[in-house]
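*Asks:* Predicted model and sequence follow; I will ask about them next.
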Amino acid sequence: MKDIAPKFQEYIFEVSGTLGIFQLIEQFLKLYIEYSFKHAAVYLSGKMPFRFTGEEFEDAPLERLLITFRKLNDNNEVAGTLDKLKDKRNFCAHRAFVWYFENPEIDEGAYQKKLELIKEIKKEAIKGFFLLFTVISFSLLNH
């Protein structure tokens, strides 16, 4: 990364870190869904067929994972927090890097504003992840 401008290195670092947090959120949602389906399968065994495994969510986008999470969990605080992050996650995943390349000569003020936006999204994503982690941990401990 020697040939990449220090400013862009910082931006790459922040966007990549933010995307990493979103990946953790998505992975934990997938684990929760899988665990919930396994739990339901055990409970329903012999009572009715239940063939959901969670595998169908392996490549599911955040929005689909959240819809399913809401059907399996009543914690509206977590679901609401994560719902508010959908568009921000999509920006980071699909537009954040492109934005920088489209604006190579951007002035320092506009660059700092965008960088602060990314940092704020990261903070919100971390909060959402910890809320989700708490709910999942509590669920696992109580079943």
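*Replies:* That came in fine, so what should we check first?

*Asks:* what about D59, how many residues close to it?
*Replies:* 8 (other CB atoms under 10 Å). Quick note: C-beta positions are derived from backbone N, CA and C, even for glycine.

*Asks:* One more: E10?
*Replies:* E10 - counted by other CB under 10 Å - has 13 other residues nearby.

*Asks:* Can you tell me which helices and strands the helix or strand harbouring it packs against?
*Replies:* Using DSSP states H and E, E10 maps to helix 6-44. The helices and strands touching helix 6-44, judged by 3 or more CB pairs under 8 Å, 6 or more residues apart in numbering; DSSP states H and E, are helix 62-72, helix 86-94, helix 96-102, helix 108-141.

*Asks:* Just send those helices back as a markdown table, with mean pLDDT and distance to K47 too.
*Replies:* Listed next are those as a markdown table, based on pLDDT from 0 to 100; distance: least, CB to CB, whole Å:
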| stretch | mean pLDDT | distance to K47 |
| --- | --- | --- |
| helix 62-72 | 95 | 18 |
| helix 86-94 | 94 | 36 |
| helix 96-102 | 83 | 48 |
| helix 108-141 | 91 | 22 |
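
*Asks:* what's the closest of those to I12?
*Replies:* Closest to I12 of the helices and strands packed on helix 6-44, according to CB to CB: helix 96-102, at 7.6 Å.

*Asks:* Could you look up the SS state of the residue in the chain sticking out farthest from the centre?
*Replies:* Distance from the C-alpha centroid of the chain, by CA atoms, centre = their mean, peaks at G46 (35.7 Å). Following DSSP: H, G, I helix; E, B strand; the rest coil, G46 is assigned to coil.

*Asks:* What confidence value was assigned to it?
*Replies:* Here the pLDDT value assigned to G46 is 88.
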